[in-house]
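Student: Pasted the sequence and its predicted model underneath.
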Amino acid sequence: MDMITLNHIKKIYRMGQERITALKDITLNFEKAKIYCLLGTSGSGKSTLLNLIAGLEKPSGGEIIFNGKHIETMSEKQLALFRQLYVGFVFQSYNLLPTLTALENVTLPLIFRRVPTKIRKKKAMEMLKAVGLENRANHKPSEMSGGQQQRVSIARAFINEPQAVFADEPTGNLDTKTTFEMMDLITGIARNRSQTLIIVTHDTEIADCADVVIHIRDGEVESIENNRK
Amino acid sequence: MCFRSLYKRKLRTFLTILGVIIGTACIVTMISLGLAVSARFDGMIDDMGDVTIINVYGGNQYMAPAVAGGGASARNQPTVLDDNMITQFNRIPGVVAATAIVSTYGYFKSGKYSITGCQILGISPSAMEALGYAPSQGRLLEMGDKSAAIVGRNFEAQFYKMDNRTYYSERYEQAMQGIEIEPLIDVMSDRINMSLDYRLVYSYESAEENTTLPKIQKLNVMGVLESKDYNADSSIFMDITVVQQMIKDEQKRQQAENESYGYYSGNQNQNRNTGYDRVLVKCKDLDNVRSVSEAIQELGFYAEFPTQYLDSLQSMTQGLQAMLGAVGAVSMLVAAIGIANTMVMSVVERTREIGVMKVIGAKLSDIRKIFLTEAAIIGAFGGCAGVGLSLLLSFLLNNSQLELFQMFLGGMDSGGEKISLITSWLCGAAIGFSAFVGLFSGYFPARRAMKLSALNAIRADM
């Protein structure tokens, strides 16, 4: 069953007088509980595509349907609620709040959802355990390595039990060994919970972890490669 | 969370709070000075005794200057403060009672104790209650009380044992300060002699054969008054006709004595038709006083009431208070700008954080709440510390030995009074106000944070 449907998506940026076409007419389907990889070189438009699906940017044309809802027409307020309920994010640069501890960073999405303190603490602790950081719960981001920070970030992305998790170059700042650990972790959790995971990367090795690899080039879908038949 | 991000920027938060502290302390101290002045006014009004009584003076030297229009014919005739006029006063709207007052000085002796000079007030018995006199013992004057007297609270304290070393009553000084003193005599039952002549108490050897002996009469005390005002507490009250007679008798006696020495004694009839020296007019309440006094002046008399100079004094201090308040308001405004600046910087600095929070599901209201809370914390903290600082300042002011400073700020009253008065509502209002200022100045930065695009915020380079 299709969970996310993109119909003739276009994205055009205006840079002063110039118009730069980032995405030209993309039509794609994402199924539930599968792991996708958007593979492409820098400037291919893969990150833009991810931002559109996640509701961070609005397309210049076309429609994005997530679980039957049109994202492209949502207001800022509705988008905030949509992100809170259905999606999780993992960023290249972790983006943890520097003043909060690991546990608090993981709890944050639950705070915004007004989950009672006791429940959210328990849930956050479980999530930290799942990423193997239960003994680092009270450390601040500045006291952790890059890999550990990314684990916290992954825990934060999954804590809301979102239907889809988006990861934009999640391993871009990590060494090879940690990269594979991280990929195992993130795909493991996604598969366990039958969540849709969409990873954006330029690394073909990472693409090997995905069920479906979508090659993007110059704002167009070049090919779709199904790894597991 | 808010506390932590404020703590992370300790120095900046501290400086911003410092601005609020100074602003709040400024306002609170200024207002406290004003409050102290008005408290002092209230105290002054209390000290004045009954503020609803108007003193009306007769006699030509007190004649009010002619006012254009109205009652001109009345003014052409000599205005006499007589019983007829008192009836007219009684008809003025807002007047509760009007009575003539005659006063003289008398000497008293009871056993070995004496009073060397005490005011005797002649008053019409029917007006006593209306004028606000109340007995603590016995009763008030009644119609037909020929020899009866009612004494003020501190009358007894004026008795002292005369000898060569003592010339005044120390007990009286204490009684006037409100200290309870042990009575020497029982005014209600002990025999007290009274005379308008000093020879009752000062036993001068007099070789003159022609001197007429002073008239001595027994003082029949029927009641003691409750404390009212300084003047009433120290006086004794008798029926006005009795006192008038006493004065007349004493004048006659003195005249006879003077004539026996061959002195010129003047016109015997000089007192005829000049009426009373003074009339007391009691008004219903303080609001009536001014209009009643104007009506009396229309009739051609000089009227005086305790609060007449207070109005201008009060408007002067109100002006002072407004000026001080303005200084405080300006410093609070500067503090508010400080808060806004801090919050704007904070928003810019935390653009990325805001973006992250938005991406992971923070609602717009959540973002706004975070920044408003931080601004309110700054405001409230500054407010609390500012109140603390102004309490300290107020304490220093009240206890300072800087006479000049006290004189400058304290104005009319001498030491012992508070220069600065900080009430609990002032503290509460100050803290509330500074928190509000914080919220207000945090609002626009918070809106700015709210409107940041999530994606641009995340991409922002830090």
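Tutor: Here it is on my side, so go on. Fair warning: this is a prediction, and the values are worked out from it, not measured in the lab.
Student: Compute the distance between residue B:315 and residue A:213, please.
Tutor: 86 Å (Cβ to Cβ, to the nearest Å). All C-beta spots, glycine's among them, are computed from the backbone N, C-alpha and C.
Student: And these two? Which one has more around it.
Tutor: Per other Cβ atoms under 10 Å in any protein chain shown, whichever of residue B:315 and residue A:213 has more neighbours is residue A:213, with 22 against 10.
Student: So the more buried one versus residue B:383, what's the distance?
Tutor: 60 Å.
Student: Give me the number of neighbouring residues for the nearest residue to residue A:93 once chain neighbours are set aside.
Tutor: Distances taken as Cβ to Cβ, 6 or more residues apart in numbering or on different chains place residue A:173 nearest to residue A:93, at 6.5 Å, with adjacent residues excluded. Using other Cβ under 10 Å, residue A:173 is surrounded by 16 other residues.
Student: Which of the helices or strands spans residue A:173?
Tutor: Following DSSP states H and E, one finds residue A:173 outside all helices and strands.
Student: And the pLDDT at it?
Tutor: Listed pLDDT for residue A:173 reads 79.
Student: surely it meets residue A:146?
Tutor: Yes: taking contacts as Cβ atoms under 8 Å, residue A:173 lies within contact range of residue A:146: 5.5 Å.
Student: Now do the shared contacts for the two.
Tutor: Residues touching both residue A:173 and residue A:146 (Cβ atoms under 8 Å, 6 or more residues apart in numbering or on different chains): residue A:94.
Student: Now do the contacts for residue A:100.
Tutor: Contact analysis of residue A:100 by Cβ under 8 Å, 6+ apart lists A:108, A:140-141, B:1, B:4.
Student: Restricted to helices, list the residues you listed.
Tutor: Residues of those located in helices (DSSP state H): A:108, B:4.
Student: and stretch B:150-167, which residues are buried?
Tutor: For stretch B:150-167, burial by neighbour count (16 or more other Cβ atoms under 10 Å in any protein chain shown) applies to B:150-160, B:162.
Student: Might you report the residue contacts of the residue nearest to residue A:93?
Tutor: Applying Cβ under 8 Å, 6+ apart, the residues near residue A:173 are A:92-94, A:146, A:150.
Student: Report the closest residue of chain A relative to chain B.
Tutor: With Cβ to the nearest Cβ, the shortest gap between chain A and chain B falls at residue A:84, namely 3.1 Å.
Student: Test my guess that that residue contacts residue B:366.
Tutor: No: in this structure residue A:84 lies outside contact range of residue B:366 using Cβ under 8 Å: 9.7 Å.
Student: Overlap in contacts, those two.
Tutor: residue A:112.
Student: Just list what the longest helix anywhere in chain A packs against, helices and strands only.
Tutor: The single longest helix within chain A, with elements called by DSSP H, is helix A:176-192. For helix A:176-192, the packing partners by 3 or more Cβ pairs under 8 Å, 6 or more residues apart in numbering or on different chains; DSSP states H and E come out as strand A:35-39, helix A:146-158, strand A:164-168, strand A:196-201, helix A:204-207.
Student: Quick one, which of the ones you listed gets closest to residue B:422.
Tutor: When the helices and strands packed on helix A:176-192 are compared by Cβ to Cβ, helix A:146-158 sits nearest residue B:422, at 49.1 Å.
Student: Three-state assignment for the closest residue to chain A within the stretch 301-450 of chain B, please.
Tutor: Proximity of the stretch 301-450 of chain B to chain A (Cβ to the nearest Cβ) peaks at residue B:361, 3.1 Å away. Residue B:361 carries the three-state label coil when classified by DSSP: H, G, I helix; E, B strand; the rest coil.
Student: Then residue B:259?
Tutor: helix.
Student: tally of neighbours for residue B:426?
Tutor: 17.
Student: So for it, what's the pLDDT?
Tutor: At residue B:426, pLDDT is 84.
Student: May I have the secondary structure class of it?
Tutor: Reducing the assignment at residue B:426 to three states with three-state DSSP gives helix.
Student: That one contacts residue B:32, correct?
Tutor: Yes: counting by Cβ under 8 Å, residue B:32 is a contact partner of residue B:426 at 6.7 Å.
Student: Who does the residue nearest to the spatial centre of chain A form a beta bridge with?
Tutor: By Cα atoms, centre = their mean, the mean C-alpha position of chain A lies nearest to residue A:166, the distance being 1.2 Å. Assessed by DSSP bridges, residue A:166 has beta-bridge partners residue A:89, residue A:198.
Student: just checking, it touches residue A:91?
Tutor: No: using Cβ under 8 Å, residue A:166 makes no contact with residue A:91, being 9.4 Å away.
Student: got any ranges where the chain has weak pLDDT?
Tutor: The chain I'm using is chain A. Counting by pLDDT under 70, chain A has low-confidence residues at A:1, A:229.
Student: right idea, wrong chain: chain B
Tutor: The model of chain B has pLDDT under 70 over residues B:1-3, B:46-49, B:59-79, B:164-167, B:203-213, B:263-274, B:400-419, B:459-462.
Student: give me phi/psi at residue A:4?
Tutor: phi -120, psi 130 (degrees, to the nearest 10).
Student: Which residue, neighbours along the chain excluded, lies closest to it?
Tutor: residue A:30 (4.0 Å).
Student: what pairs with the host helix or strand of that neighbour, and is each one parallel or antiparallel?
Tutor: Secondary structure from DSSP H and E places residue A:30 in strand A:18-31. Taking DSSP bridges as the criterion, strand A:18-31 pairs within the sheet with strand A:2-15 (antiparallel).
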